[in-house]
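In: Generate a structure from the sequence data that follows.
(2 chains)
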Amino acid sequence: MLDRIAKAQHTIEEACETLGRQITIMEVCGTHTVSIFRSGIRSTLPERLKLLSGPGCPVCVTDQGYIDTVLELADRSDCIIATYGDMIRVPGSDGSLEARVSNGNVKVVLSSEDALQLARENPDKVVVFIAVGFETTTPASAVAVKEAAGEGVTNFCILSGHKLVLPAMRALLDGMNDRVDGFLCPGHVSTIIGWGAFAEIVNEYRRPCVVAGFEPVQIIEGLAEICRELVTGKPEVKSVYGAVVTEQGNTAAQKIVAECFEPVDGYWRGLGKIEKSTLALREQYSRFDAFRRFGLEDRPGKENRGCRCGEVLCGLIEPIECPLFGTRCTVDRPVGPCMVSSEGTCAAWFKYGRRT
Amino acid sequence: MCLAVPARIVELEGDRAVVDAMGNRWKAKTTLLPDAKLGDVVLVHAGFAIALVDEEEARKTWELFAEIEDFEKTSNKVSG
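Out: Numbers count the residues shown, from 1 in each chain, chains lettered A, B, ... in the order given. Predicted coordinates:
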């Protein structure tokens, strides 16, 4: 193990020397963010290697407009809101779901299946499942919708805010932050879409894309592989996540998602509107679409005052550059989602420190 | 949120499974991994098995989780 780390570190140091400039690598996965901070990897890297956290935390990238729509639904007495725990504390324009728990209609679920079960148990209410998350999470929502359709459950719907990681990477490179030299690609998203999916970024933008697992040694090997490719000038798509991630990914999951959802233009915190980046239910499942059911629109929201989560998500600033960081915005009293989510960049900086 | 946990399938009936990780057991479905068998170690995310994992990979992740749990307990104490 130690020799693998030493070898990777050597490759990284050599690359920094050979290229003679700053190397910027972005990870696009909240779990990577946490693992990098927790393990202290940053402190072992040369100053010239800059690690940025990109739009990889699903709660963080969810636009304020969506959060406000969720809160609007939570204020209706005919609805039960079923949500993953991560969303509970995210502040909208008017409080959070947490502040509405006392209403009695906000339920934390661990799975889309639990949300559907709530609908079966509460026939007089409409259960709205807060369907956020990247490709890893979407298949679970699709299964629940198909199951509800099969059983003829009529009081269940989902508010789909499901996001696709590739359009976000493109949006960054197309303008928001083209300083990124290479991407450390998300491990669990890749179990679904396959590591081959990142080939389009490599081919079109000439940026190395390396899928890594979450152990420190895998992360550092992923970084070393990106550095190696930058030196050779031949960007590739690779996986250092072993057998867990295949080139094709989970085709059964891809199939069920494609059957239920289609990509539409959607809003992201920090990145704005991105073409075909969000998944909406297809026409044949529209009766399970909470936007349609309640006549709502996916609209952009306004960030909470002073919050710079949007810029943090694009890797344009580091959390410490936000005037609220550690003062008005802390893990105990978060203002923005990057501090709320356990996978958020600000939360990681706050908990684990700047260079550790 | 994209966090997935490796766990062993210890019961399986149709696509309904019970999985075990480090002695913790919970229900999961194998709808998205139709070939999963009893005894397989799978990556479980939001109540669904999403990928097959080899034993070695799973063991390393379980160790990592145990370590994080220890660390979290410590940091909570420090912050009071």
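
In: Which secondary structure state does residue A:56 sit in?
Out: State at residue A:56, reduced to three classes by DSSP: H, G, I helix; E, B strand; the rest coil: coil.

In: mind listing what it touches?
Out: Residue A:56 makes contacts with A:27-30, A:32-33, A:134, A:165, A:186, A:343, B:2, as judged by CB atoms under 8 Å, 6 or more residues apart in numbering or on different chains. In this view, the C-beta of every residue, glycine as well, is placed from N, C-alpha and C.

In: Among those, which one sits closest to residue A:76?
Out: Proximity of these to residue A:76 (CB to CB) peaks at residue A:134, which lies at 27.9 Å.

In: The closest one should be in a helix, yeah?
Out: No: counting by three-state DSSP, residue A:134 is not part of a helix but coil.

In: Right, and chain B sits closest to which residue of the stretch 51-200 of chain A?
Out: residue A:111 (2.7 Å; CB to the nearest CB).

In: the strands in the chain, which residues?
Out: No chain in the question, so chain A it is. In chain A, the strands defined using DSSP state E lie at A:23-27, A:49-53, A:79-83, A:106-108, A:126-131, A:156-160, A:182-185, A:209-211, A:237-239, A:261-268, A:272-281.

In: The intended chain is chain B.
Out: For chain B, the strands defined by DSSP E cover B:5-13, B:16-21, B:24-29, B:41-45, B:48-52.

In: Format the ones you listed as CSV; extra columns: mean neighbour count.
Out: Shown next, in CSV, are these (neighbours: other CB atoms under 10 Å in any protein chain shown):
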stretch, mean neighbour count
strand B:5-13, 18
strand B:16-21, 18
strand B:24-29, 17
strand B:41-45, 25
strand B:48-52, 26
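
In: nearest to chain A, of these?
Out: Evaluated with CB to the nearest CB, these place strand B:48-52 nearest to chain A, the distance being 4.0 Å.

In: Could you measure from residue A:88 over to residue A:126?
Out: 20 Å (CB to CB, to the nearest Å).

In: One more: residue B:38?
Out: From residue B:38 to residue A:126 the distance is 38 Å (CB to CB).

In: In terms of packing, which of those two has more residues around it?
Out: Shown here are residue B:38 and residue A:126; by other CB atoms under 10 Å in any protein chain shown, residue A:126 has more neighbours (20 against 11).

In: beta partners for that one?
Out: For residue A:126, the beta-bridge partners under DSSP bridges are residue A:79.

In: That one: what's it in contact with?
Out: By CB under 8 Å, 6+ apart, the residues touching residue A:126 are A:78-80, A:119, A:155-157, A:293.

In: can you give me phi and psi for residue A:55?
Out: Dihedral pair for residue A:55: phi -80, psi 70, per degrees, to the nearest 10.

In: wait, what's in contact with it?
Out: Shown in contact with residue A:55 (CB under 8 Å, 6+ apart): A:28, A:61, A:168, A:172, A:268, A:270-271, A:313-314.

In: Which pLDDT value goes with it?
Out: Predicted confidence (pLDDT) for residue A:55: 92.

In: and it, how far is that from residue A:312?
Out: Residue A:55 sits 10 Å away from residue A:312, going by CB to CB.

In: what do these two both touch?
Out: residue A:270.

In: how about low-confidence regions in chain B?
Out: B:1-2, B:68-80 (pLDDT under 70).

In: How about it: which residue is closest to chain A?
Out: Residue nearest to chain A within chain B: residue B:47 (2.7 Å; CB to the nearest CB).

In: What is the neighbour count of that residue?
Out: As a burial measure, residue B:47 scores 20 neighbours (other CB under 10 Å).

In: what's residue A:303 in contact with, if anything?
Out: Here residue A:303 is in contact with A:64, A:269, A:309-310, A:336 (CB under 8 Å, 6+ apart).

In: Just these: which are in helices?
Out: Judged by DSSP state H, the subset of the contacts of residue A:303 located in helices is A:64, A:309-310.

In: most neighbours, which of these?
Out: Most surrounded of these: other CB under 10 Å gives residue A:309, at 29 neighbours.

In: confidence score at that one?
Out: 93.

In: So which bits of the stretch 1-150 of chain A are right by chain B?
Out: Counting by CB under 8 Å from any CB of the partner chain, the stretch 1-150 of chain A comes close to chain B at A:29-31, A:38, A:56-59, A:84, A:86, A:110-114, A:132-134, A:136-137, A:139-140, A:143.

In: Quick check: the gap between the nearest residue to residue A:214 once chain neighbours are set aside and residue A:217.
Out: Nearest residue to residue A:214 in three dimensions, chain neighbours excluded: residue A:35, at 4.8 Å (CB to CB, 6 or more residues apart in numbering or on different chains). Residue A:35 is 11 Å from residue A:217, where distance means CB to CB.

In: Between these two, tell me which one has more neighbours.
Out: The residue with more neighbours, out of residue A:35 and residue A:217, is residue A:35; 23 against 18, by other CB under 10 Å.

In: Let me know the distance separating residue A:310 from chain B.
Out: 19 Å (CB to the nearest CB, to the nearest Å).

In: again, but for residue A:227
Out: 24 Å.

In: ok, so what distance separates that residue from residue A:23?
Out: Distance from residue A:227 to residue A:23, by CB to CB: 6 Å.

In: try residue A:275
Out: Look at residue A:275 and residue A:23: by CB to CB, they are 29 Å apart.

In: So which of the two has more stuff around it?
Out: residue A:23 (21 against 12).

In: wait, isn't the more buried one in contact with residue A:50?
Out: Yes: using CB atoms under 8 Å, residue A:23 makes contact with residue A:50 at a distance of 6.9 Å.

In: Between these two, which contacts overlap?
Out: By CB under 8 Å, 6+ apart, no residue touches both residue A:23 and residue A:50.

In: coming back round to it: can you tell me which residues contact the residue nearest to residue A:214?
Out: Counted by CB under 8 Å, 6+ apart, residue A:35 has contacts A:41, A:214-216, A:219.

In: mind checking how far it is from residue A:29?
Out: Using CB to CB, residue A:35 is found at 9 Å from residue A:29.

In: swap in residue A:41?
Out: From residue A:41 over to residue A:29 (counting by CB to CB), the distance is 14 Å.

In: cool, and residue B:53?
Out: Residue B:53 sits 17 Å away from residue A:29, taking CB to CB as the criterion.

In: of the two, who's got more company?
Out: A direct count of neighbours by other CB under 10 Å for residue B:53 and residue A:29 places residue A:29 higher, at 32 against 25.
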